[in-house]
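>>> Got a predicted model here, sequence first, then my questions.
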Amino acid sequence: MFERQFLANGLRFIPSPPTRTIDDYREQFLRDNTRGWLRFSRTLTNRVLYRDKPSTLLSKFTIPVANRTEHISDEDWAKHFVALRALQQYRSVTLPALTHAVTTATLRERMNTSREDLAFLRQLMHDRSITCKAADKNLGLALVDTDWYDRELRGMLGQTVTYKRVIETPRSGLSQLKLRLVADLKKLVAAHSTTLADWQPEHVDQILRFMERRVTLSSLRLPEIYLLIKVHKKTLCGRPIVPCMNWITTPPSILVDFLLQEILRAHPVPWMVKDTKSLITDLESTPELPRGGVFVTADIASLYTNIDTQMGLEQVEKFLIDRLSGTDTVQASRIRLVMDLLRFVMNNSYLSFKSTLYHQIDGTAMGTSCAPIYANIIVAMLEQQILTDLGPDIFLYRRFLDDVFAYVTADVADRFMARLNSLHPKLKFEFVSHPTEASFLDLLIYKGPQFESDGRFDLRVHQKKMNLYLYLPYHSYHTDAAKRSFIQTELTRYIRNSTHRSDYVDLKHTFYQRLRDRGYPHAFLEPIFESIFYEDRKLFLISAKELPTHPILLSQMPRSTCLIKRLARAQRNVQPDGANVLPPPPVFIIPYTPLSRILSTRRLLTHQWHLATQGLQMPAPIIAYQSYPSIMAKLVFEKARTNRLLSKWDKPSSQSRPRTTQLRLRFEFQSTTSSQQHE
């Protein structure tokens, strides 16, 4: 029973870190070059050196560099002498105080797991007959028989229309492939560097460095395919994922995504939905809709893998020609840049499984950065003719990736569904039609009192029947701020998604009880629930960036604490002259461990902060905690890495290895764990 209770914590649950590794925790504070004091000190120096230079850096094109050291030239010392000297004074008093606190701290940590829990975790980590993977649709952890998992993946990879097995000597063949692809990418970037400089003059240097250094020959890692387990299907199956984090297609895919996003912002597709918040704003501002329409929703089955590559590239090129006026010389060169990068990404989707190399020759790899916008554009190009032909009978049409929402006349519903299903032989839509309501994203859209009065749809939160509500348990090793944050975010989502206050109140009470079932005490929950008010719904629908200057504040001031704090932060960050906004606060990054949990790190850093800000406008530092490994990190990723390493050295035994009965576990309860009983 305790095994089920332990796994019911969910994938995000973090067991308590061991207190015996206190020397490692001290190292992270004081001598780790990638976090703690050394990184924080380096950040402060950079703030001084580059404060007069407008920042043109884009976060998505940054390159992580380990073992950076601080270096200040004589020229910089002379130019920024006052500010750098102030930083020296700040360091001279703050570092000794931090060092003293770190080295004298005594750890007394109560564990949130029992010995039985940890023994079970170790057993799962080392049992190679069981494969641990995340379940699809965010349904928690799935434990399946490794033999079944391998057969399922080999069956997918055996589809010769989509995957081609590369018959080569593993090491020499892969080395030659890497050399060829690195050389091809360099030629491609060199050929289009002038176009990049013309298109992105402020960012071109950073982009070119990123393309050259983000993935090098020594850091290339062939993607390892894995499955998300579809436990919600009648027949157990998997969704293939290919995480392209350090493959040769990673840099061009990120660049293609950036360029296509920029084009879409300039030339938006009106029926493509950005997120639920924008959809709500759209629906509530839509003019009165006819009463006699019917709802049609659809899901495109396995969209990414079913996109024919040649067709997809042709549709994206047509989209670019339409949006960028492809006859112009400058725009034509930009189209060639995007298309050459996109062809490189789509034609070089290589992956591995059990030390065997495969080439994905059709479809889109789920895991590459540009896949969502690539698929979005392709479907938009295919569906636009239907929207033109059936325009008068389609009152409303919206799509978010592979999810479709439409409100159409009853007479045209069948023809509309048939036309969508004929877009392409590989693209199959699974439809649901209903006269009064529809589920789309996390909304239930229906014809209620508001629709009867003014023709606007009523909304409430849609919660799927299969939802297990595996909220972060209270005893998980997360900061209290992280727990408060997700509860607050969920409550504000409920407010935004509810047209009627009564729907929100009912769901709020249900949410409260679900959190109680996950171990949250009344004293923790009540201040959060009492600080958020439905009356602020209009304010919650405004983006955080626009809210401080939005005209609605002239007639309605917020009551919710989170909104009041957001406005206060915005006002504090404006300099006295009102002309400029202060830069963001420097961040002290440290793992959340038994040591960082008991230290007043922010108080230590801000006690003499006035010394660091002499001649330099900079808000006080904030603390960013890195999470300790969760069940997901342990049982899914770390176990998979360990098994990959073992498979390279272990020879298969002549005897069949022990098998376990196939496990298909769905944890449909929110009971407290055995660790709470021990406490």
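All right, it came through fine.
>>> how much space between the closest residue to residue 261 other than its chain neighbours and residue 344?
In space, residue 261 comes closest to residue 373 once its chain neighbours are excluded; the distance is 6.2 Å by Cβ to Cβ, 6 or more residues apart in numbering. Quick note: C-beta positions are derived from backbone N, CA and C, even for glycine. Relative to residue 344, residue 373 is positioned 16 Å away (Cβ to Cβ, to the nearest Å).
>>> how far away is residue 344 from residue 115?
As judged by Cβ to Cβ, residue 344 and residue 115 stand 52 Å apart.
>>> Show me the domain layout of the chain.
2-13+111-140+630-678, 19-108+569-626, 153-268+313-368 (automatic domain parsing).
>>> Can you check which of these gets nearest to residue 563?
Proximity to residue 563, assessed across these by Cβ to Cβ, is greatest for domain 19-108+569-626 (10.8 Å).
>>> Work out the gap between that closest one and the centre of the chain.
Computed by Cα atoms, centre = their mean, to the nearest Å, the chain-centroid distance of domain 19-108+569-626 equals 26 Å.
>>> Same question for stretch 198-209.
Centre to centre, stretch against its chain (Cα atoms, centre = their mean), the figure for stretch 198-209 is 25 Å.
>>> gap between the two ends of it?
End-to-end distance for stretch 198-209: 16 Å, by Cα to Cα, to the nearest Å.
>>> same deal with stretch 316-336?
The first and last residues of stretch 316-336 sit 11 Å apart, counting by Cα to Cα.
>>> just to revisit the earlier point, so which of the domains of the chain comes closest to residue 517?
Nearest of those (Cβ to Cβ): domain 2-13+111-140+630-678, 4.0 Å.
>>> what's the average pLDDT for that closest one?
The predicted model assigns domain 2-13+111-140+630-678 a mean pLDDT of 70.
>>> Kindly report the same for stretch 419-436.
Mean predicted confidence for stretch 419-436 is 93.
>>> Which residues outside that stretch are in contact with it?
Residues outside stretch 419-436 that contact it (Cβ atoms under 8 Å, 6 or more residues apart in numbering) are 294-301, 303, 306-308, 311, 379, 382-383, 386, 389-390, 404, 410, 413, 417, 438-439, 446-447.
>>> Can you give the distance from it to the centre of its chain?
Remark: stretch 419-436 is offset 28 Å from the chain centroid, using Cα atoms, centre = their mean.
>>> check contacts around residue 415.
Residue 415 makes contacts with residue 390, as judged by Cβ under 8 Å, 6+ apart.
>>> I'd like the numbering to begin with 14 instead of 1 from here.
Sure, I'll start counting at 14 from here, so that last one is residue 428.
>>> SS state for it?
Per DSSP: H, G, I helix; E, B strand; the rest coil, the local secondary structure of residue 428 is helix.
>>> Residue 395 versus that one, what's the distance?
17 Å.
>>> Include mean neighbour count and distance to residue 160 when you put the domains of the chain into TSV, please.
Formatted as TSV, these follow (neighbours: other Cβ atoms under 10 Å; distance: least, Cβ to Cβ, whole Å):
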stretch	mean neighbour count	distance to residue 160
domain 15-26+124-153+643-691	16	6
domain 32-121+582-639	14	36
domain 166-281+326-381	17	11
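>>> re the thing from before, return the subset of the contacts of stretch 432-449 lying in strands.
Using DSSP state E, the members of the contacts of stretch 432-449 that fall within strands are 307-313, 417, 451-452, 459.
>>> on contacts alone, who are the packing partners of the longest helix seen in the chain?
Using DSSP state H, we find that the single longest helix of the chain is helix 94-117. Counting contacts by 3 or more Cβ pairs under 8 Å, 6 or more residues apart in numbering; DSSP states H and E, helix 94-117 packs against helix 35-43, helix 49-62, helix 614-619, helix 622-625.
>>> okay, and for the stretch 514-663 of the chain, where does confidence drop off?
586-594, 628, 658-663 (pLDDT under 70).
>>> now the helices for it?
Using DSSP state H, counting those that start in this stretch, the helices of the stretch 514-663 of the chain run over 514-530, 535-542, 550-553, 574-585, 607-611, 614-619, 622-625, 644, 652-662.
>>> now the angle from the second one to helix 514-530?
When axes from the mean of the first three to the mean of the last three Cα atoms, to 10 degrees is applied, the directions of helix 535-542 and helix 514-530 differ by 150 degrees.
>>> So which bits of helix 535-542 are buried?
For helix 535-542, the neighbour count (16 or more other Cβ atoms under 10 Å) marks 538, 541-542 as buried.
>>> how deep is residue 405 tucked in, by neighbour count?
Other residues lying near residue 405 total 8 when counted by other Cβ atoms under 10 Å.
>>> gap between it and residue 422?
Counting by Cβ to Cβ, the gap from residue 405 to residue 422 is 8 Å.
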